[in-house]
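**Q** Predicted model follows, preceded by the sequence.
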Amino acid sequence: MPPTTETSTTLTLAELTEEERKTCQKTVRPNCMTFNDAKGREYSIHIPLERYDEALKFFIDSNWDELKKFDKWNNQSYKDHEIMVDK
């Protein structure tokens, strides 16, 4: 993933304590994917929430040409509708 000027920490649910899980109020799906194509070239792309499942299928199917059509990763931020508030 390209370097960023912001510092953030990403944890999986398994890494959280029980108390941290109870206080977690927002979740997001990844909006960036970094992959190597069949020639070994590295790409980082932006994945809008609406296209997450599509991008995941392209990745599973090794469909690098379709993944390369996504916008390049440029530290895009999440849009409000991409943040899921847990109730």
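**A** Here it is on my side, so go on.
**Q** Break down the protein into its helices, ranges please.
**A** Using DSSP state H, the helices assigned to the chain run over residues 18-23, 52-60, 64-67.
**Q** tell me, how many neighbours does the spatially closest residue to Lys68 that is not a sequence neighbour end up with?
**A** Distances taken as C-beta to C-beta, 6 or more residues apart in numbering put Tyr43 closest to Lys68, at 6.1 Å, once the chain neighbours are dropped. Where C-beta positions appear, they are placed from N, C-alpha and C, glycine not excepted. Taking other C-beta atoms under 10 Å as the criterion, the count of residues near Tyr43 is 15.
**Q** show me the contacts for Tyr43.
**A** Tyr43 makes contacts with 34-37, 64, 67-68, 72, as judged by C-beta atoms under 8 Å, 6 or more residues apart in numbering.
**Q** For PyMOL, what selects the buried ones among the residues you listed?
**A** Only the buried members of the contacts of Tyr43 enter the following PyMOL selection, criterion being 16 or more other C-beta atoms under 10 Å:
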select buried, resi 35+64+67
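**Q** Out of the contacts of Tyr43, name the ones that lie in strands.
**A** Using DSSP state E, 34-36 are the members of the contacts of Tyr43 that sit in strands.
**Q** Looking at the residues you listed, which is nearest Thr17?
**A** Thr17 lies nearest to Thr34 out of the ones in strands among the contacts of Tyr43, by C-beta to C-beta, at 28.7 Å.
**Q** before we move on, the earlier item: would CSV of the ones in strands among the contacts of Tyr43 with pLDDT and distance to Cys24 be doable?
**A** Output for these, formatted as CSV (pLDDT from 0 to 100; distance: C-beta to C-beta, whole Å):
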residue, pLDDT, distance to Cys24
Thr34, 94, 25
Phe35, 94, 28
Asn36, 94, 32
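**Q** between those, which is nearest Phe59?
**A** Using C-beta to C-beta, the shortest approach to Phe59 within these belongs to Phe35, at 6.4 Å.
**Q** Quick check: the closest one touching Glu42?
**A** Yes. Taking contact to mean C-beta atoms under 8 Å, the distance of 7.4 Å between Phe35 and Glu42 places them in contact.
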